[in-house]
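Engineer: No letters, just coordinates:
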């Protein structure tokens, strides 16, 4: 079995933003030369997420609005923020959206269903973050 590791660096323009990273993951898969296996994509920060969904601008806005409803930015609301932080909301949003995704690799391609794309969700951004791509297989 072979493995291939790649790290993406990302710095969002906005504090909260959803970024399509599918093409970067596909590029890492091409570099790996793995034809059959699994691809893990993992946010390496506790205030950001990786998830799979549809590439549609309205849906991205809906996700951000929904997350803000569930875990609003409110410095006074959270015990975590008593430590001097202001990002408790981002930790909660990450927990809701998830840490990583695993995608099957078939015939050298990501084996997606219709409309599926890979997204990085940033909830405490405008600073450098890393995403791990780990591909294993033959």
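Structural biologist: Yes, it's here. The structure displayed is predicted, hence computed values, not measured ones. Numbering: from 1, shown residues only.

Engineer: what's the spacing between residue 103 and residue 6?
Structural biologist: Counting by CB to CB, to the nearest Å, the gap from residue 103 to residue 6 is 14 Å. C-betas here are computed from N, CA, C, even on glycine.

Engineer: correction: residue 78
Structural biologist: Residue 78 is 34 Å from residue 6, by CB to CB.

Engineer: Three-state assignment for the spatially most central residue of the chain, please.
Structural biologist: In the chain, the centroid-proximal residue (CA atoms, centre = their mean) is residue 50; its distance is 2.0 Å. Per DSSP: H, G, I helix; E, B strand; the rest coil, the local secondary structure of residue 50 is strand.

Engineer: Pretty sure it sits against residue 42.
Structural biologist: Yes. Using CB atoms under 8 Å, residue 50 is in contact with residue 42, at 6.3 Å.

Engineer: So for the two, which residues contact both of them?
Structural biologist: Counting by CB atoms under 8 Å, 6 or more residues apart in numbering, the contacts common to residue 50 and residue 42 are 99-100, 131.

Engineer: quick one: the helices in the chain?
Structural biologist: For the chain, the helices defined by DSSP state H cover 22-32, 57-70, 88-97.

Engineer: Most tightly packed of those?
Structural biologist: helix 88-97 (a mean of 20; mean count of other CB atoms under 10 Å).

Engineer: now the angle from it to helix 57-70?
Structural biologist: Relative orientation of helix 88-97 versus helix 57-70 (axes from the mean of the first three to the mean of the last three CA atoms, to 10 degrees): 120 degrees.

Engineer: which strands and helices sit next to helix 88-97?
Structural biologist: strand 48-54, helix 57-70, strand 116-122 (3 or more CB pairs under 8 Å, 6 or more residues apart in numbering; DSSP states H and E).
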